[in-house]
Structure formats: C-alpha cells, structure tokens
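**Q** Make a model of this:
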Amino acid sequence: MRKPRAAVGSGHRKQAASQEGRQKHAKNNSQAKPSACDACAGMIAECPGAPAGLARQPEEVVLQASVSSYHLFRDVAEVTAFRGSLLSWYDQEKRDLPWRRRAEDEMDLDRRAYAVWVSEVMLQQTQVATVINYYTGWMQKWPTLQDLASASLEEVNQLWAGLGYYSRGRRLQEGARKVVEELGGHMPRTAETLQQLLPGVGRYTAGAIASIAFGQVEQEQLLASGSLSGSPDVEECAPNTGQCHLCLPPSEPWDQTLGVVNFPRKASRKPPREESSATCVLEQPGALGAQILLVQRPNSGLLAGLWEFPSVTWEPSEQLQRKALLQELQRWAGPLPATHLRHLGEVVHTFSHIKLTYQVYGLALEGQTPVTTVPPGARWLTQEEFHTAAVSTAMKKVFRVYQGQQPGTCMGSKRSQVSSPCSRKKPRMGQQVLDNFFRSHISTDAHSLNSAAQ
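**A** Below you'll find the predicted structure:
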C-alpha cells in the first residue's frame with residue numbers, strides 16, 4: 001500500500017501512491033530543464049549551479065555534494081502547501097482498491113494492521129493489477145491474524161502460487177504465528193517495533209503499517225516539519241564517492257518529456273545467472289483419470305515448499321541426462337521402463353535472479369500395475385488437482401508443454417521455447433490481412449483461368 005512520506009501524509013488519505021502521480025507530476029514539471037548539477041542548487045554554495053550571489057569554489061569541492069534540493073523543503077509553509085496539493089490530488093484521483101477500503105472501514109486496529117500488512121507484502125515487486133485478486137482471495141480465506149496463524153504452509157503456498165517471491169507468503173504466516181503465540185494477538189504499534197518483531201517487515205513496510213493502521217505519520221508530523229533537513233533518507237548525494245547519485249551524468253542529457261521522472265537515477269541491475277535442469281512429467285492411469293507425480297521442494301531456498309515434477313541438474317550429454325533423470329524418477333516411483341522416456345522440448349522461466357531453462361521430458365506408464373505408494377515428499381495428483389496445487393508458474397509451463405505433445409492435442413505454452421508445430425506463433429494481424437487478400441485474388445485468378453481453358 002503506497003503512500004506519501006511522513007512530511008506530507010495526513011489521516012486516511014496518506015495512502016496516496018507515488019506511481020499514480022508520477023505522470024501528472026512529470027507533465028507539470030516538463031518545462032523545467034535544469035542542468036546536471038541543478039539538483040544541488042540552493043543547498044550548496046560550492047555547486048556551479050547554485051543561485052547567483054553564492055560563492056563558487058574550485059571544481060574539486062563540487063563533488064563534495066550534500067542533499068539534493070529537489071527532495072528537501074526550505075520552510076514549513078512550503079511543506080504545508082505541498083501537502084495540501086498532494087492530498088487534494090489524491091482525494092480526486094485515488095483508485096478504489098480493496099486494501100484501501102479495509103483500512104478506512106475496519107475499526108479493530110489489529111485487523112486493520114493485518115489487512116495493511118498483507119497488502120504491503122503482496123505489493124512488493126508486484127503490480128497492483130496482479131495483486132487485487134490474490135489479496136481478495138487471501139482475506140476471504142484468512143480474514144484475521146488468528147486464521148492465518150492456524151493455516152498450513154501448504155495452504156499458504158497454494159494460494160500464493162503464481163504471485164512469485166514465495167518467501168513473502170511464508171514470512172507472513174510466520175509473523176502471524178508470532179503475533180498470536182508471543183504477542184497476545186496484538187500487532188506492534190510503532191514502525192520501530194514492527195520492523196524489530198515481525199519477520200520480513202522492513203523499514204518501508206513497517207512505516208506503512210504504523211502510519212495507515214495506527215496513525216504514527218500524524219504523531220510525528222510536527223517533528224518532521226520542524227526538522228526539514230535533519231535526516232536525509234534515500235534522497236541523498238554521496239559525499240565521498242565523487243559523484244551525486246541524483247544528478248544526471250554529463251553524458252546523458254535531460255529528457256524534457258520526463259520532467260522530474262528523470263530522477264532518481266535507477267541503479268543498473270545485475271543480469272540473472274543462467275541455470276539448466278531436466279524435469280519429467282511422469283503419468284500413470286488412475287481410477288479418476290490420469291495421475292501425475294509431484295515431489296516437494298526443500299523448505300528453504302528457491303520456491304521453498306512448493307511442488308514440482310521430479311528434476312535434476314543439467315548434464316553435459318543427453319545420455320547422462322536421461323540416466324540421471326531416470327534414477328531420480330525411480331527414487332520416487334520404483335522401477336521404470338527407460339525406453340519410454342521422451343524429450344518434448346524446453347521451457348525458459350526467469351525468476352528474480354535466475355534464468356532457468358528446463359529440458360522437458362515425458363514418461364507415460366501404460367500396461368503395468370499403477371504405483372500406489374510413494375515415499376514422503378511425493379504424491380500422485382490428477383490433472384485437475386495439479387492446477388489447484390501449490391505449484392510454481394514454471395511447472396505450469398512445463399505441464400502445458402507435456403499436454404501439447406500428447407496425441408490429439410496442441411496446447412503448448414505460448415511463453416515456452418519449444419520446437420514443435422503447435423507452438424509456432426500465429427502471423428501478426430497485418431500479415432493475416434495480406435495473406436487473406438492474396439488468397440482471394442489467387443483463387444479468383446485460378447477460377448478465371450480454368451473457365452478460359454474450358
């Protein structure tokens with residue numbers, strides 16, 4: 001749940017999202033075209049971009065930058081005016097979101113804080129449009145801290161499936177259990193104690209819960225207004241690195257169409273490392289239809305606790321790959337016919353820091369006694385059960401590839417990289433129009449030629 005910072009928030013309206021105002025703010029400021037060092041103007045006498053009348057010092061001193069004036073206020077009146085403008089805009093333009101309604105309507109402070117907490121965690125690295133349905137389903141299933149504390153990790157993973165960053169759901173449940181079992185069912189009331197006592201709650205999330213649920217932005221508002229430049233936050237120039245984090249580099253001109261969205265400078269992301277593995281969909285006939293084998297991942301690390309098809313790390317040759325994968329399958333299901341193991345294609349799925357390529361295999365057990373017992377950590381599911389189980393998006397892609405390679409089907413994943421006829425993309429609309437145009441003319445011309453020949 002995104003909101004203005006402490007210096008500009010007030011009452012229930014302080015949930016205003018910075019993303020909602022960014023485009024309008026950029027348009028209003030697009031006429032301004034400061035130089036690369038204008039971000040420091042008015043605050044640092046040594047900066048070449050400082051207002052007239054302030055002494056200029058040698059260039060070496062310019063690099064000893066302080067806090068950018070774009071992110072500080074000069075007096076209380078400026079803060080008051082900015083706060084009023086922002087909240088007025090928010091009252092008119094705010095989106096109708098389920099977590100905002102809960103924060104406004106819920107009178108019980110613990111339930112209100114819990115609702116805010118869930119929304120803040122779900123919104124980390126995830127778009128609002130994606131979160132809405134997950135949030136609604138979560139709050140319907142577990143409307144209170146006590147409900148979530150009594151749930152199993154399997155249920156949490158199942159509801160979270162597809163949302164990504166699965167450790168978030170696990171930490172939410174761990175936090176709920178801690179509140180119920182150690183804190184008497186009452187959420188901590190300040191940002192400091194929230195961050196200290198709840199797993200997975202950092203500075204921003206703690207501040208959001210404390211301000212929206214408990215009104216802590218209101219308690220400290222006067223203090224924040226009275227010490228405008230006392231404690232810089234992320235909007236801080238580095239005094240010792242030799243370059244301001246916020247000023248545009250000389251090699252990159254100011255983009256007038258973006259306005260203030262030129263700032264802050266976005267840090268370059270490290271590309272995800274690439275990994276490969278082989279996975280197999282093992283299928284056998286069952287009383288209620290075909291069954292597929294799933295095994296559970298470890299309780300820590302990537303996709304912790306989720307279910308997946310038996311998988312092994314990539315081997316340098318296909319022969320070694322098949323041997324390793326068959327051994328993994330036999331570890332869960334007993335002796336299997338190696339000759340039935342088929343390579344179906346590949347799936348590429350990118351997690352936050354890993355680009356993982358799955359070589360997809362399939363093995364259908366036919367004409368033999370079904371496997372009825374499996375070791376702990378494995379289970380047989382019908383296809384319908386698979387789609388509601390706690391499985392990752394990557395495994396759903398793998399299963400679509402398997403389904404697309406079965407006789408009489410053509411259901412390959414649109415996002416999978418598979419060399420098969422049924423996974424080929426359709427021509428673009430423009431190409432289809434051209435194709436239809438030429439087909440009709442070719443057909444007409446051919447008919448005319450046949451008539452003339454007769």
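**Q** ranges for the strands of this structure?
**A** Here the chain has its strands, by DSSP state E, at 273-284, 291-296, 307-308, 311-313, 342-350, 354-364, 378-382.
**Q** Same list, the ones you listed, but as CSV with mean neighbour count please.
**A** Just so you know, the C-beta spots here come from the backbone N, C-alpha and C atoms, and that holds for glycine as well. Shown next, in CSV, are the strands of the chain (neighbours: other C-beta atoms under 10 Å):
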stretch, mean neighbour count
strand 273-284, 19
strand 291-296, 21
strand 307-308, 22
strand 311-313, 16
strand 342-350, 18
strand 354-364, 20
strand 378-382, 17
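**Q** of those strands, which approaches Arg74 most closely?
**A** Among the strands of the chain, the nearest to Arg74 by C-beta to C-beta is strand 342-350 (45.0 Å).
**Q** mind listing what the closest one pairs with, with the direction of each?
**A** With DSSP bridges as the test, strand 342-350 is paired with strand 354-364 (antiparallel).
**Q** how big is the angle separating the partner strand from strand 291-296?
**A** 150 degrees (axes from the mean of the first three to the mean of the last three C-alpha atoms, to 10 degrees).
**Q** And Gly367, how far from His340?
**A** Gly367 sits 10 Å away from His340, going by C-beta to C-beta, to the nearest Å.
**Q** neighbour-wise, which of the two wins?
**A** Neighbour count, other C-beta atoms under 10 Å: between Gly367 and His340, His340 has more, with 13 against 6.
**Q** Make sure the more buried one is actually in contact with Leu363.
**A** Yes. Assessed by C-beta atoms under 8 Å, His340 is found in contact with Leu363 at 5.2 Å.
**Q** Let me have the strands of the chain in CSV, extended by distance to Ala210 and mean pLDDT.
**A** Shown next, in CSV, are the strands of the chain (distance: least, C-beta to C-beta, whole Å; pLDDT from 0 to 100):
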stretch, distance to Ala210, mean pLDDT
strand 273-284, 37, 93
strand 291-296, 37, 94
strand 307-308, 37, 94
strand 311-313, 42, 93
strand 342-350, 35, 92
strand 354-364, 34, 92
strand 378-382, 42, 93
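**Q** need those strands in JSON lines with distance to Lys178, can you?
**A** Converted to JSON lines, the strands of the chain look like this (distance: least, C-beta to C-beta, whole Å):
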{"stretch": "strand 273-284", "distance to Lys178": "33"}
{"stretch": "strand 291-296", "distance to Lys178": "24"}
{"stretch": "strand 307-308", "distance to Lys178": "26"}
{"stretch": "strand 311-313", "distance to Lys178": "33"}
{"stretch": "strand 342-350", "distance to Lys178": "33"}
{"stretch": "strand 354-364", "distance to Lys178": "30"}
{"stretch": "strand 378-382", "distance to Lys178": "30"}
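**Q** For Trp254, find the nearest of those.
**A** Among the strands of the chain, if distance is taken as C-beta to C-beta, the winner is strand 342-350, at 32.6 Å.
**Q** Now do that closest one against strand 273-284, angle only.
**A** Strand 342-350 runs at 140 degrees relative to strand 273-284, counting by the same axes, to 10 degrees.
**Q** Alpha carbons of strand 342-350, in CSV - could you do that?
**A** C-alpha atoms of strand 342-350 as CSV (Å, rounded to 0.1, in the frame of the first residue of the first chain):
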residue,chain,number,x,y,z
ARG,A,342,10.8,-38.9,-24.3
HIS,A,343,12.3,-35.4,-24.7
LEU,A,344,9.5,-33.0,-25.5
GLY,A,345,11.2,-29.6,-25.7
GLU,A,346,12.3,-26.8,-23.3
VAL,A,347,10.9,-24.1,-21.1
VAL,A,348,12.6,-20.9,-20.1
HIS,A,349,11.5,-19.2,-17.0
THR,A,350,13.1,-16.2,-15.4
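**Q** what residues are up against the nearest residue to Val371 once chain neighbours are set aside?
**A** Closest residue to Val371 apart from its sequence neighbours, by C-beta to C-beta, 6 or more residues apart in numbering: Ala333 at 4.9 Å. By C-beta atoms under 8 Å, 6 or more residues apart in numbering, the contact list for Ala333 reads Leu282, Leu293, Val371, Val374, Ala378.
**Q** okay, these in JSON lines with distance to Ala304 next?
**A** Listed next are these as JSON lines, based on distance: C-beta to C-beta, whole Å:
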{"residue": "Leu282", "distance to Ala304": "23"}
{"residue": "Leu293", "distance to Ala304": "20"}
{"residue": "Val371", "distance to Ala304": "26"}
{"residue": "Val374", "distance to Ala304": "21"}
{"residue": "Ala378", "distance to Ala304": "17"}
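**Q** can you tell me which of the residues you listed lies nearest to Leu172?
**A** Using C-beta to C-beta, Ala378 comes nearest to Leu172 of the contacts of Ala333, at 27.0 Å.
**Q** Is that closest one bridged to anything, and to what?
**A** Beta-bridge partners, per DSSP bridges, of Ala378: Val295.
**Q** Same question for Thr350.
**A** Assessed by DSSP bridges, Thr350 has beta-bridge partners Lys355.
**Q** wait, isn't it in contact with Pro272?
**A** Yes. Here Thr350 reaches Pro272: they are 5.9 Å apart, a contact under C-beta under 8 Å.
**Q** mind listing the helices for the stretch 151-300 of the chain?
**A** Along the stretch 151-300 of the chain, the stretches classed as helices by DSSP state H, counting those that start in this stretch are 153-160, 167-182, 191-197, 203-214, 216-219, 221-226.
**Q** mean pLDDT lowest for which of those?
**A** Mean pLDDT is lowest for helix 221-226 out of the helices of the stretch 151-300 of the chain, coming in at a mean of 52.
**Q** quick check: domain ranges of this protein?
**A** Domain ranges of the chain: 11-262, 273-423, 425-454, per automatic domain parsing.
**Q** pLDDT below threshold where in the stretch 1-150 of the chain?
**A** Of all residues in the stretch 1-150 of the chain, those with pLDDT under 70 make up the ranges 1-73.
**Q** what about 80?
**A** When residues are selected by pLDDT under 80, those of the stretch 1-150 of the chain lie in 1-76.
**Q** Gly377: what's it in contact with?
**A** Val295, Gln296.
**Q** Look up how far Arg297 lies from it.
**A** 9 Å.
**Q** can you check Glu385 too?
**A** Glu385 is 18 Å from Arg297, by C-beta to C-beta.
**Q** Of these two, which one has the most company?
**A** Between Glu385 and Arg297, counted using other C-beta under 10 Å, the more crowded position is Arg297 (19 against 14).
**Q** so the more buried one touches Pro310, yeah?
**A** No. Assessed by C-beta under 8 Å, Arg297 is found out of contact with Pro310, at 11.2 Å.
**Q** can you give me the helices in the stretch 1-150 of the chain?
**A** 18-28, 59-62, 76-93, 98-105, 109-122, 128-141, 145-149.
**Q** Appreciated, that's everything.
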